[in-house]
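*Asks:* need a structure here:
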Amino acid sequence: MTTSKADTQHSLTREQKEAVGLLSIGTFLEYFDLMLYVHMAVLLNELFFPKYDPFTASLLSAFAFCSTYLLRPFGALIFGYIGDNIGRKHTLVITTFMMSFSGIIMANLPTYDQIGISAAWIITICRVIQGMSSMGEVTGAELYLSEMIKPSKRYACVSLMCVFATLGAMIALAVASCVTSFGLNWRIAFWFGAGIAFVGAVARTSLRETAEFVNAQKRMQTILKKTKINLDQQKQNLLVLQEKVKHKTTLSYFLIECTGPVWFCITYLYCSNILKENFNFSVEQIIHQNFLVASIEFIVSVVITKLVLTIHPLKILKIKAIIFAFFALLLPVLLTNVSNNVELIFIQIFIVVFAPTGFPASGVFYMHFPSLQRFTCTSMVFAVSRSLMYLITSFGVVILTKYFAHWGLLLLILPVIIGHAFGIWYFKNLELSTENYF
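*Replies:* I've put the predicted structure just below:
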């Protein structure tokens, strides 16, 4: 399902504006809750996990982080089925309630000193639930708007979801900074996030289902009635009536989505470790520096979202990728010779600004998947890419840099850059074939 050049939209309807507003707020809250623990991990891991030597502690920290993403494929199966068979709206409401529920548990969970290893298991389960929840959230919100809004407004509106996700992460860092700097109770932040997420879930019940999904279901029902096939008894026959998913499209989308975890781990986790070990930064100072980086990332995401109104998203990705490719080759040298946190923050900022990802082209990728398989396919690809790459990167960074120092990062960086380039080239050709590459 693609869009012709003539099939464009230059202004939003009232219903579309309301949908963008509700989904933006919900995405912000989901990512605030999701990233709050990530950015406070240097503090919370000490409260909920037993203490080990530095290397073992690094591996444990990596496990605590990537556990959030391990069961995302399972979540993709669940929410993909709901999204493709019941509706996009339902996934958005369910996932927001899940995030609120896990936040409440984390806000009240006793520490390791109080209940022992049970604290570690419970906090890990809550992180898994949050990871599954955010899986349905990010794909659901972006896909909902992709189907509801036509180009060129589609690209900017879908990109707004990433902007508000970045804002959620930035505010989570701001809260973490306040908690650690002023000695506030960290549980208040989780209570706040859980409460607001609950309100957001209730508000999302007012959303309408997307017209494209409803029309696709109606077409299927019409075909089934004409051929006198009972939908409930002949589920397998639906496969014949549906469009086929192209394997090359799936692979290209997968390669593009593999990039994000690598840049996140290097920017916020690996560089945090450098600040701690090389410059003796405290938890408060590390969080504060990461907050500055996240603030720049948010500002840049707003600028890019504005640019996609006049520049095709794939052109922006191509330019960013070319610039970053040269920088990536110099990254080990730069990290080896960094002498203070100011130099390091410039490296972090360059990564979040120019590192190749799927943003802001999600609205392009989604529409090249069949309507009634779109949620399942895209959410599964997104989930598998995130699970696999966070697992590889979290442990890979620790192990590779132990034996190869900063040069070990290239073993992670170069393959994802090459994969990303292939994916962009493939989707560019698809857009050219539909005369949608403005």
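
*Asks:* ok, now how distant is Ser385 from Ala76?
*Replies:* Applying CB to CB, to the nearest Å, the value for Ser385 to Ala76 is 10 Å. For the C-beta atoms, the positions are set from N, CA and C on the backbone; glycine is no exception.

*Asks:* quick one, which of the two is more surrounded?
*Replies:* Using other CB atoms under 10 Å, the more surrounded residue of Ser385 and Ala76 is Ala76, with 27 against 23.

*Asks:* Local confidence estimate at the more buried one?
*Replies:* Ala76 carries a pLDDT value of 71.

*Asks:* Tell me if I'm right that it and Met380 touch.
*Replies:* Yes. With contact defined as CB atoms under 8 Å, Ala76 and Met380 form a contacting pair (4.3 Å).

*Asks:* Contacts only, for the closest residue to Tyr366 other than its chain neighbours.
*Replies:* Spatially, and ignoring its direct neighbours in sequence, Tyr366 is nearest to Ser146 (4.4 Å; CB to CB, 6 or more residues apart in numbering). Ser146 sits next to 154, 158, 362-363, 366-367 when contact means CB atoms under 8 Å, 6 or more residues apart in numbering.

*Asks:* list the buried ones in whichever strand or helix holds Ser146?
*Replies:* Ser146 belongs to helix 117-148 when elements are defined using DSSP states H and E. For helix 117-148, burial by neighbour count (16 or more other CB atoms under 10 Å) applies to 119-120, 122-124, 126-148.

*Asks:* ok, the residue lying closest to Lys248 once chain neighbours are set aside to Leu372 distance?
*Replies:* Excluding its sequence neighbours, the residue lying closest to Lys248 (CB to CB, 6+ apart) is Tyr426, at 6.5 Å. Distance, Tyr426 to Leu372, by CB to CB: 23 Å.

*Asks:* again, but for Thr13
*Replies:* Per CB to CB, Thr13 is found 25 Å from Leu372.

*Asks:* Distance check, the residue nearest the centre of the chain against Ala294.
*Replies:* When CA atoms, centre = their mean is applied to the chain, the residue found nearest the centroid is Val138 (6.3 Å). To Ala294, Val138 is 17 Å away according to CB to CB.

*Asks:* What of Ile399?
*Replies:* With CB to CB as the criterion, Ile399 and Ala294 are 27 Å apart.

*Asks:* So what's the residue count around Lys51?
*Replies:* Close neighbours of Lys51, defined as other CB under 10 Å, add up to 10.

*Asks:* Kindly confirm my reading that it forms part of a strand.
*Replies:* No. Applying DSSP: H, G, I helix; E, B strand; the rest coil, one finds Lys51 to be coil, outside a strand.

*Asks:* Let's see the pLDDT reported for it.
*Replies:* According to the model, Lys51 scores 71 on pLDDT.

*Asks:* what residue ranges in the stretch 201-350 of the chain score low on pLDDT?
*Replies:* For the stretch 201-350 of the chain, applying pLDDT under 70 flags the ranges 203-204, 206-207, 209-243.

*Asks:* just the helices in it please.
*Replies:* Applying DSSP state H, counting those that start in this stretch to the stretch 201-350 of the chain gives helices spanning 211-226, 238-241, 247-257, 259-264, 271-278, 283-307, 313-337, 341-354.

*Asks:* Assumed Phe427 was part of a helix.
*Replies:* Yes. Phe427 forms part of a helix when assessed by three-state DSSP.

*Asks:* And the average pLDDT for stretch 101-109 is what?
*Replies:* The pLDDT scores in stretch 101-109 average 85.

*Asks:* got it, and stretch 405-415?
*Replies:* For stretch 405-415, mean pLDDT is 95.

*Asks:* Give the buried residues for that stretch.
*Replies:* Buried residues in stretch 405-415 (16+ other CB under 10 Å): 406, 408-410, 412-413.

*Asks:* circling back to that earlier point, between Ile399 and Ala294, which has more neighbouring residues?
*Replies:* Ala294 (24 against 14).

*Asks:* what's the distance between the closest residue to that one other than its chain neighbours and Gly21?
*Replies:* Computed as CB to CB, 6+ apart, the closest residue to Ala294 that is not its neighbour in sequence is Met170, at 4.1 Å. Separation of Met170 from Gly21 (CB to CB): 19 Å.

*Asks:* Same drill for the two, tell me which one is more crowded.
*Replies:* Ranked by neighbour count (other CB under 10 Å), Met170 and Gly21 place Met170 first, with 26 against 12.

*Asks:* ok, now which ones touch that one?
*Replies:* 291, 294-295, 297-298.

*Asks:* Not counting its neighbours along the chain, what's nearest Ile104?
*Replies:* Of all residues not flanking Ile104 in the chain, Ala194 sits nearest, at 4.6 Å (CB to CB, 6+ apart).

*Asks:* pLDDT value on that neighbour, please?
*Replies:* Residue-level pLDDT assigned to Ala194 equals 79.

*Asks:* Off-centre distance for the one helix or strand it maps to?
*Replies:* For Ala194, the element it lies in under DSSP H and E is helix 186-204. With CA atoms, centre = their mean, to the nearest Å as the basis, helix 186-204 stands 19 Å off its chain's centre.

*Asks:* That one - contacts with which helices or strands?
*Replies:* helix 14-39, helix 88-108, helix 153-182 (3 or more CB pairs under 8 Å, 6 or more residues apart in numbering; DSSP states H and E).

*Asks:* chain center to the helix or strand just after the shortest one, what's the gap?
*Replies:* Meaning helix 88-108. Next along the chain after helix 88-108, taking DSSP H and E as the criterion, comes helix 112-115. Put simply, helix 112-115 sits 32 Å off its chain's centre (CA atoms, centre = their mean).

*Asks:* what do you get for stretch 90-107?
*Replies:* Its chain's C-alpha centre and that of stretch 90-107 lie 16 Å apart, by CA atoms, centre = their mean.

*Asks:* Endpoint to endpoint, stretch 103-113 covers what distance?
*Replies:* 21 Å (CA to CA, to the nearest Å).

*Asks:* about what we covered before: Thr13 and Leu372 - which one has more neighbours?
*Replies:* Using other CB under 10 Å as the criterion, Thr13 and Leu372 rank with Leu372 on top: 20 against 11.

*Asks:* Could you check the pLDDT of Ala119?
*Replies:* 84.
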